[in-house]
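Chemist: Got a sequence here, can you build the structure:
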Amino acid sequence: MTQGTPGSAGTTAGEAAPAAGAARSRFRVPAQPSAGAADRRRDADGAGEGSARGEHTHGEHTHGEHIHGESVLPGPRPAVRRSSVRGQILTALRAALVTGDLRPGEVYSGPMLAERFGVSATPVREAMQQLAQEGAVEVVPNRGFRVVERSPRELAELAEVRALIEVPVMLRLVRTVPPERWAGLRPLAEATVRAASSGCRATYADADRAFHSAVLALAGNQQLVGVAEELHRRAQWPLVGGGGTRAGLIADAHEHTALLDALIAGDLDAVRALVGEHFNGAE
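Modeler: Model prediction:
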């Protein structure tokens with residue numbers, strides 16, 4: 001599927017978004033402290049945007065129904081602080097991709113997503129344009145953004161590329177990093193187990209990336225960490241029809257602790273075997 005140019009339709013005010021069916025699970029938003037009176041004012045770039053651009057604000061909907069042919073997200077409108085709105089929306093949308101609350105193949109419009117967050121459409125469109133650059137969504141001119149449908153082949157290709165980058169680095173680090181530094185990563189490895197046990201894919205995705213990034217950071221190459229983290233994030237988007245099971249997440253998390261034990265012991269053969277298994281079975 002060809003990805004659209006992020007700026008081609010993300011600024012169209014009257015987006016409409018027909019879709020095959022509305023999302024069924026609750027859209028997850030990062031928890032935020034209660035907003036004060038000042039926080040309730042609109043951010044500077046979004047103040048009055050709806051009236052200036054002719055956008056119409058619809059009433060609140062709570063059951064994930066279709067409105068004017070658009071895919072809307074269920075549940076009461078979450079509160080989002082006006083500071084760093086774009087960053088918060090981007091984080092929430094990434095989590096929704098991982099959990100499948102943003103469903104592959106469906107089209108979502110900026111104004112309707114903005115209504116669910118209680119913000120102007122501008123930060124939502126900016127966040128969706130960032131996701132378009134990352135390949136998570138594609139721009140649909142005059143309609144919104146379609147969540148890209150991923151195949152098992154794409155997932156396998158991502159795992160292969162990640163292995164080509166990360167495995168040689170880990171094998172080099174096992175020869176040079178002292179055991180006490182590896183032991184310092186124990187809390188991150190254990191955090192992945194707790195996250196997997198919770199069954200929340202978004203929570204596990206964050207913990208999983210944190211562990212892998214911390215391992216690679218020991219190489220002292222921030223460019224390497226950035227590239228690997230981006231590939232990792234893409235590998236966490238769910239397949240059409242849903243992502244992995246809770247049992248699969250737990251098995252994946254326990255591979256982190258086994259790998260860390262091998263790294264601490266300096267067991268090169270065990271590290272090689274565990275890393276290969278980890279990427280071959282990556283969800």
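
Chemist: For E138, give me phi and psi.
Modeler: Note on E138: backbone dihedrals following degrees, to the nearest 10 are phi -130, psi 150.

Chemist: So, low pLDDT: which residues of the stretch 1-150 of the chain?
Modeler: Scanning the stretch 1-150 of the chain for pLDDT under 70 picks out 1-83.

Chemist: And the chain, what are its domain boundaries?
Modeler: Under the assignment automatic domain parsing, the domains of the chain span 1-148, 152-280.

Chemist: S151: neighbouring residues, count only.
Modeler: Per other C-beta atoms under 10 Å, the neighbour tally for S151 reads 10. Just so you know, the C-beta spots here come from the backbone N, C-alpha and C atoms, and that holds for glycine as well.

Chemist: For it, give me the pLDDT.
Modeler: Looking at S151, its pLDDT stands at 85.

Chemist: How about the one 5 residues further on?
Modeler: A156 is assigned 89 on the pLDDT scale.

Chemist: Are there helices or strands packed against the helix or strand A207 falls within, and which ones?
Modeler: Following DSSP states H and E, one finds A207 within helix 201-217. Counting contacts by 3 or more C-beta pairs under 8 Å, 6 or more residues apart in numbering; DSSP states H and E, helix 201-217 packs against helix 85-99, helix 152-176, helix 186-198, helix 222-235, helix 246-265.

Chemist: try 7 Å this time
Modeler: Packing partners of helix 201-217 (3 or more C-beta pairs under 7 Å, 6 or more residues apart in numbering; DSSP states H and E): helix 85-99, helix 152-176, helix 186-198, helix 222-235.

Chemist: The third one versus helix 201-217: what angle between them?
Modeler: Translated: helix 186-198. Helix 186-198 and helix 201-217 are oriented at 160 degrees to each other (axes from the mean of the first three to the mean of the last three C-alpha atoms, to 10 degrees).

Chemist: How about E160: what's its closest non-neighbour residue?
Modeler: Nearest non-adjacent residue to E160, counting by C-beta to C-beta, 6 or more residues apart in numbering: F279, 7.7 Å away.

Chemist: nearest spatial neighbour of M128, skipping sequence neighbours?
Modeler: The shortest distance from M128 to any non-neighbouring residue, by C-beta to C-beta, 6+ apart, is to F145 (4.7 Å).

Chemist: Specify the local secondary structure of that neighbour.
Modeler: Under the three-state scheme (DSSP: H, G, I helix; E, B strand; the rest coil), F145 adopts strand.

Chemist: ok, now which ones touch it?
Modeler: F145 is in contact with V107, Y108, M128, A132, V137, E138, V139, counting by C-beta atoms under 7 Å, 6 or more residues apart in numbering.

Chemist: Over to the second one: give its phi and psi.
Modeler: Read it as Y108. Backbone geometry at Y108, expressed as degrees, to the nearest 10, gives phi -120, psi 130.

Chemist: tally of neighbours for it?
Modeler: Number of residues near Y108 (other C-beta under 10 Å) recorded here: 29.

Chemist: ok, now how distant is it from A132?
Modeler: The gap separating Y108 from A132 is 12 Å, by C-beta to C-beta, to the nearest Å.

Chemist: ok, now the first one?
Modeler: Counting by C-beta to C-beta, the gap from V107 to A132 is 13 Å.

Chemist: With G87 instead?
Modeler: Per C-beta to C-beta, G87 is found 17 Å from A132.

Chemist: So between those two, which is more surrounded?
Modeler: Ranked by neighbour count (other C-beta under 10 Å), G87 and A132 place A132 first, with 23 against 14.

Chemist: doesn't V140 make contact with the more buried one?
Modeler: No - under the criterion of C-beta atoms under 7 Å, A132 makes no contact with V140, lying 10.3 Å away.

Chemist: burial count for E160?
Modeler: 12.

Chemist: Let me fix that, I meant to ask about P178.
Modeler: That count, for P178 with other C-beta under 10 Å as the rule, works out to 9.

Chemist: Now do the same contact list for L113.
Modeler: Shown in contact with L113 (C-beta under 7 Å, 6+ apart): V124.

Chemist: Can I get the strand or helix carrying it in PDB, CA atoms only?
Modeler: Following DSSP H and E, one finds L113 within helix 110-117. Taking C-alpha atoms only, helix 110-117 is exported to PDB below (Å, rounded to 0.1, in the frame of the first residue of the first chain):
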ATOM      1  CA  GLY A 110      -8.400  14.700  12.400                       C
ATOM      2  CA  PRO A 111     -11.500  16.500  13.600                       C
ATOM      3  CA  MET A 112     -13.200  13.400  15.000                       C
ATOM      4  CA  LEU A 113     -10.100  12.300  16.900                       C
ATOM      5  CA  ALA A 114      -9.700  15.800  18.200                       C
ATOM      6  CA  GLU A 115     -13.200  15.700  19.500                       C
ATOM      7  CA  ARG A 116     -12.400  12.500  21.500                       C
ATOM      8  CA  PHE A 117      -9.400  14.200  23.100                       C
END
